[in-house]
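J.: quick one, fold the following:
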Amino acid sequence: MTTAKIHGVGIDAVSIERMDSDRMGAHVLNRMFHSTEVAQAMAMEQGRAQFLASRFAAKEALVKALGTGFRGISPSEIAVKVNGIGKPEISLEAGILERLGFGSIAIHLSLTHEGPLAIAFVVVEEIDGAF
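T.: Predicted structure coming up:
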């Protein structure tokens, strides 16, 4: 039987205005976002700042829930994707969990936008005592 317990929770809010085109040059985009996120953002004609703000809020909420901050992990190694029914999910580059000393985890993500903010909430569960 698989057991799970909550390892941590994280929440973050990012000003959508902070992600406008004037501030998001190629170097910044590639440092803060996964290559799949950069490609998606560049293909957007509208809503790019909101898209980027929600992705960065998710990354910040994740590292808070892990309890690591960005020590040992780069924002570009974290990808926020949506599944086939539009549910947001977090995907990590191979080897990150091991590098950070984590075993098997489940990551739950919720995103929302309200006025000038993009907000993310993350719950990280430890699976079968893996930490």
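J.: what comes up buried for the helix ranked longest in the chain?
T.: For the chain, the helix with the greatest residue count under DSSP state H is helix 48-66. Taking 16 or more other Cβ atoms under 10 Å as the basis for neighbour counts, the residues of helix 48-66 that come out buried are 48-66. For glycine as for every other residue, the C-beta is placed from the backbone atoms N, C-alpha and C.
J.: can you give the distance from that helix to the centre of its chain?
T.: Centroid separation for helix 48-66 versus its chain: 4 Å, with Cα atoms, centre = their mean, to the nearest Å.
J.: what's the answer for stretch 32-39, then?
T.: Its chain's average C-alpha position is 11 Å from that of stretch 32-39, according to Cα atoms, centre = their mean.
J.: what's in contact with the worst-scoring helix or strand of the chain on mean pLDDT?
T.: Least confident element among the helices and strands of the chain, by mean pLDDT, DSSP states H and E: helix 96-100 (a mean of 89). For helix 96-100, contacts defined as Cβ atoms under 8 Å, 6 or more residues apart in numbering pick out 66, 68, 72-73, 77, 103-105.
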